[in-house]
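[1] Got a sequence here, can you model it:
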Amino acid sequence: METVYDFELPKGYVDGAGEVHRRGKMRLATAGDEINATKDPRVLGNPSYLTVVILSKVITELEGVDALVPGIIERLFTADLAFLQDMYQRINDIEPPKMQAVCPGCGQVFEVPINFTREG
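    Residues are numbered from 1 along each chain as shown. Predicted structure coming up:
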């Protein structure tokens, strides 16, 4: 079973020296990752911060970055954050969010998954 996945960020993390870091690795999340993240004081103060804390735990490597901490996740471009959120959902088999759509031809209402990444 594969537990670690390679990725390449669409934009890349730009460090203080202006160097761009794109390639990294993300591991499968554990129950402990999610439970411990909900206890983090930053998450208790702002539930939106949960994603940042979890990603900082499951991203095991970002080329050229010594330690991946929540502050680095905060400084990612929104396109990269969306990419990592989508990847997290896919590798952990979490069903993507859905929205209702209406066929313009026949008017039928149906659900479609929301994909936060652009492929192809």
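
[2] Doesn't Gly107 lie inside a helix?
    No. The assignment for Gly107 by DSSP: H, G, I helix; E, B strand; the rest coil gives coil, which leaves it out of any helix.

[3] got the phi/psi numbers for it?
    Dihedral pair for Gly107: phi 80, psi 0, per degrees, to the nearest 10.

[4] what is the mean pLDDT for the top helix by length along the chain?
    Ranked by residue count, the top helix of the chain under DSSP state H comes out as helix 78-91. In this model, helix 78-91 carries a mean pLDDT of 95.

[5] Buried residues, it. List them.
    For helix 78-91, the neighbour count (16 or more other C-beta atoms under 10 Å) marks Asp80, Leu81, Ala82, Phe83, Leu84, Gln85, Asp86, Met87, Tyr88, Gln89, Ile91 as buried. Bear in mind the C-beta positions are built from the backbone N, C-alpha and C, glycine included.

[6] How far away from the center of its chain is the helix or strand hosting Met99?
    Element membership for Met99 (DSSP states H and E) is strand 98-102. The chain centre lies 22 Å from the centre of strand 98-102; the measure is C-alpha atoms, centre = their mean, to the nearest Å.

[7] Report the next helix or strand after that strand in sequence order.
    strand 109-113.

[8] That following strand - contacts with which helices or strands?
    strand 98-102 (3 or more C-beta pairs under 8 Å, 6 or more residues apart in numbering; DSSP states H and E).

[9] Quick check: neighbours of the strand it packs on in the sheet, parallel or antiparallel?
    strand 109-113 (antiparallel) (DSSP bridges).

[10] follow-up on the earlier one: relative to Tyr49, which of the buried residues of helix 78-91 is nearest.
    Closest to Tyr49 out of the buried residues of helix 78-91 is Leu81 (12.2 Å), distances taken as C-beta to C-beta.

[11] tell me the contacts of the closest one?
    Contacts for Leu81 (C-beta atoms under 8 Å, 6 or more residues apart in numbering) come out as Thr51, Leu55, Ile73.
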